[in-house]
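Visitor: Got a predicted model here, sequence first, then my questions.
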Amino acid sequence: MPLGIPHSEFLKWDPLDQDKAIAYTRAKAEVCEMCGSREADWVDPETGRIKAHPPFTPVGVTCHGCAEIEKYRKAELKDGTPPGVRVILVPDEMVGLDGKLKKNPSE
């Protein structure tokens with residue numbers, strides 16, 4: 001069922017639209033959040049074994065934003081980063097001279 005709307009609202013939808021939303025949610029749940037593939041891409045449904053020739057090949061792709069995050073992590077957080085710390089990218093004007101988020105971005 002789609003997230004973000006009340007169940008009572010979902011039940012007001014046309015039954016065909018409900019079925020489509022549920023099918024979409026199920027299909028999305030089968031996709032790995034990290035790599036975007038599905039188990040069916042890698043495992044033969046008849047044998048349950050990894051396919052001899054999976055349809056994907058890993059390649060290195062550089063994301064400059066991720067590279068900056070990694071540099072920051074290594075330089076600023078070092079070992080002992082507390083659980084839950086997440087590094088995000090924000091526009092320069094939202095960051096103070098101390099490298100921290102400004103409380104009031106208009107300053």
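Guide: Now that the structure is in, tell me what you want to look at.
Visitor: ok, the most centrally placed residue in the chain - contacts?
Guide: The geometric centre of the chain, computed from its C-alpha atoms, lies nearest to Glu33 (CA atoms, centre = their mean), at 5.4 Å. Neighbour list for Glu33: empty [criterion: CB atoms under 8 Å, 6 or more residues apart in numbering]. Yep, even glycine has a C-beta here, placed from its N, CA and C like the rest.
Visitor: where's it, which helix or strand?
Guide: Taking DSSP states H and E as the definition, one finds Glu33 inside no helix or strand.
Visitor: Wait, a strand at Glu9?
Guide: No. Using DSSP: H, G, I helix; E, B strand; the rest coil, the secondary structure at Glu9 is helix, not a strand.
Visitor: hang on, the earlier thing: which pLDDT value goes with the residue nearest to the centre of the chain?
Guide: Per-residue confidence (pLDDT) for Glu33: 84.
Visitor: Next: the one 4 residues further on.
Guide: pLDDT, Ser37: 90.
Visitor: and the nearest residue to it once chain neighbours are set aside, how many residues sit next to it?
Guide: In this structure, Ser37 finds its nearest non-sequential neighbour in Phe56, 6.0 Å apart by CB to CB, 6 or more residues apart in numbering. Using other CB atoms under 10 Å, the number of residues around Phe56 comes to 10.
Visitor: Look at Phe56 and tell me its secondary structure.
Guide: Judged by three-state DSSP, the three-state class of Phe56 is coil.
Visitor: what do you get for Asp19?
Guide: Applying three-state DSSP to Asp19 yields a three-state assignment of helix.
Visitor: domain ranges for this protein?
Guide: Using automatic domain parsing, the domains assigned to the chain come out as 1-59, 61-107.
Visitor: Pick out the shakiest of those, pLDDT-wise.
Guide: The stretch with the lowest mean pLDDT among these is domain 61-107, which comes in at a mean of 80.
Visitor: any idea how far Lys103 lies from Cys66?
Guide: 27 Å (CB to CB, to the nearest Å).
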